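**Q** Sequence and predicted structure below; questions after.
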Amino acid sequence: MSGYTEIILTPRHLKNRDILRTTIIMEKSDEVLLTGTIYNSRQKAMEGAVVRVIKITQENQRVSKGYVITNQSGEFAITVEKDKYADYQLDIYEPLVSG
């Protein structure tokens, strides 16, 4: 993602319960952030699961776009390019090491 903006909250903001008002301007991006949470069969968040992203073109070509590993809460995030002519497939694999 090409844009970056940060907001710094000081202890004063939290102590006084101020309402923070600000304007954030981000560059338009040709990328989309895919996020999700992976659960096991017992509905418990799965840490360490591997999520592989594959782009499927109109010609049915499959292009690997990368992978991520879920955090302690079973969450993942990965960016992919916007393409209105393509589908994305997510392959999920169990953690390689169980805790």
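**A** Good, I have the coordinates.
**Q** Give me the pLDDT value at residue 43.
**A** pLDDT for residue 43: 91.
**Q** Could you look up the SS state of it?
**A** Secondary structure, DSSP: H, G, I helix; E, B strand; the rest coil: residue 43 is coil.
**Q** which strand residues sit across from the residue nearest to residue 64 when sequence neighbours are not counted in the sheet?
**A** Spatial nearest neighbour of residue 64, excluding adjacent residues (Cβ to Cβ, 6 or more residues apart in numbering): residue 54 at 5.6 Å. For every residue, glycine as well, the C-beta is placed using N, CA and C. Per DSSP bridges, the residues bridged to residue 54 are residue 64, residue 89.
**Q** right, and residue 54 touches residue 67 too?
**A** No: look at residue 54 against residue 67 with Cβ atoms under 8 Å: they stay out of range, at 9.7 Å.
**Q** where do the strands sit along this structure?
**A** With DSSP state E, the ranges of strands along the chain come out as 31-37, 50-56, 62-69, 75-81, 87-93.
**Q** Can I get those strands in CSV including distance to residue 12?
**A** Listed next are the strands of the chain as CSV, based on distance: least, Cβ to Cβ, whole Å:
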stretch, distance to residue 12
strand 31-37, 31
strand 50-56, 40
strand 62-69, 36
strand 75-81, 31
strand 87-93, 43
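**Q** okay, and for the chain, where does confidence drop off?
**A** For the chain, residues meeting the criterion pLDDT under 70 lie at 1-5, 13-14, 16-22, 24-26, 98-99.
**Q** residues touching the spatially most central residue of it, list them.
**A** Centroid-nearest residue in the chain: residue 77, 1.6 Å away (criterion: Cα atoms, centre = their mean). Residue 77 makes contact with 33-35, 68, according to Cβ atoms under 8 Å, 6 or more residues apart in numbering.
**Q** Fine, thanks again, bye for now.
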